[in-house]
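[1] My questions concern the predicted model and sequence given below.
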Amino acid sequence: MTVSDLPIERLSIHQVTLMQCDFRESIECFARHGVHQTAIWRDKLNEIGLDEAVRILQDNDMTVNALCPGGLLTEIDDKSFNAALDLNRRWIDQSAALGADSLVIITGGLADGETNLAAARDRALEGFFRLIDPARAVGIRLAVEPLHPMVCGGRSVISTVANALDLLDDLGADDVFGLAVDSYAVWWDLALSDQLARAGARLLHFHASDWLRDTKDVRFDRGMPGDGMIDNRQIRGWMEKAGFSGPVEVEIFSRDHWWQHPADEVVRTIVDRRATHL
Ligand code: ZN
């Protein structure tokens, strides 16, 4: 299967990729290199506030794919669970104000001391149910992102595209919910191509980075596309075969490497790798 080259108009870079920058610096750096799509990181938005963020995005002609990350709805006690729901309602409204397509949501992990994976999954399902009306009211999609099984305990009890699609089937609201596929989280799954075909129109986002053979940290040592073991272009091809035509969103958490480099060098490298590895 040959997959066409990715035009720069379809390249997005998540704001979290430039953790060395503040909100404004990251957006201006993307624009300087001809990249006009991004996903907004909640912590960076909080630093600056919604009004100023919207102004900076408009000044730089930036399209916002999503706000990340929402969800985290596996709290056990009612008070914490309801507080998490309130936060998500706020993030949904912020997503709308930013002009984003989606709020990307992860389930959250198990509670402290808990050993019941299925119960944690059921609480996330209940929480997601309760977000249907608020999301529908403002036209924001909720993109469920499975994460790597190594972070199942703390971040996401949904680890595969198959698990995520089963969850979406249970939710039964495909006008609101869809899938964010992050190559770093699911590349190892031999059933990936079949599951992407099953997902079809529910494919909303494609996040890309690379898995380094000697990774030092499963959350904060992601590689630049082309430096590791993931064939991002092949995965994009599988997604496009299933009907996906959205951007490729590069998302690199790299505490000890790329977050320590000058932002322009990071973005220039991503733009270069687009031609060979995205
Ligand atoms: Zn992601």
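    Yes, it's here. Numbering: from 1, shown residues only.
[2] what comes into contact with whichever helix or strand Val266 is part of?
    Applying DSSP states H and E as the criterion places Val266 in helix 263-277. Here helix 263-277 makes contact (C-beta atoms under 8 Å, 6 or more residues apart in numbering) with 5-6, 8, 11, 13, 17-18, 20-21, 25-26, 29-30, 32-35, 224-226, 232-233, 248, 250, 252, 258. The C-beta positions use only the backbone N, C-alpha and C, and glycine is treated the same way.
[3] In helices, which of the residues you listed appear?
    25-26, 29-30, 32, 232-233 (DSSP state H).
[4] Just the buried residues of the helix holding Val266, please?
    The neighbour-count check on helix 263-277 (16 or more other C-beta atoms under 10 Å) flags 263, 266-267, 269-271, 273-274, 277 as buried.
[5] any chance of those residues in TSV, plus distance to the ion?
    Output for those, formatted as TSV (distance: C-beta to the ion, whole Å):
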residue	distance to the ion
Ala263	20
Val266	17
Val267	18
Thr269	19
Ile270	15
Val271	19
Arg273	17
Arg274	18
His277	17
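[6] nearest to Lys216, of these?
    Distance to Lys216, by C-beta to C-beta, is smallest for Val266 among these, at 18.3 Å.
[7] what ranges do the helices span in the stretch 151-278 of the chain?
    Ranges of helices in the stretch 151-278 of the chain, per DSSP state H, counting those that start in this stretch, are 161-171, 183-186, 192-199, 232-241, 263-277.
[8] Just to check, Ala120 is in contact with Arg155?
    No: using C-beta atoms under 8 Å, Ala120 makes no contact with Arg155, being 11.3 Å away.
[9] list residues touching both of the two?
    108-109.
[10] if I pick the closest residue to Ala173 other than its chain neighbours, what's in contact with it?
    Computed as C-beta to C-beta, 6 or more residues apart in numbering, the closest residue to Ala173 that is not its neighbour in sequence is Ile132, at 5.1 Å. If you count contacts by C-beta under 8 Å, 6+ apart, Ile132 has them with 171, 173, 176-177.
[11] Verify the stated contact: Arg236 with Val248.
    Yes: with contact defined as C-beta under 8 Å, Arg236 counts as touching Val248 (6.1 Å).
[12] okay, the two: which has more neighbours?
    The neighbour comparison of Arg236 against Val248 (other C-beta atoms under 10 Å) goes to Val248, with 24 against 21.
[13] Quick one: the helices in the stretch 1-150 of the chain, in order.
    Under DSSP H, counting those that start in this stretch, the stretch 1-150 of the chain gives helices at 23-32, 42-48, 50-59, 78-98, 117-130, 132-138.
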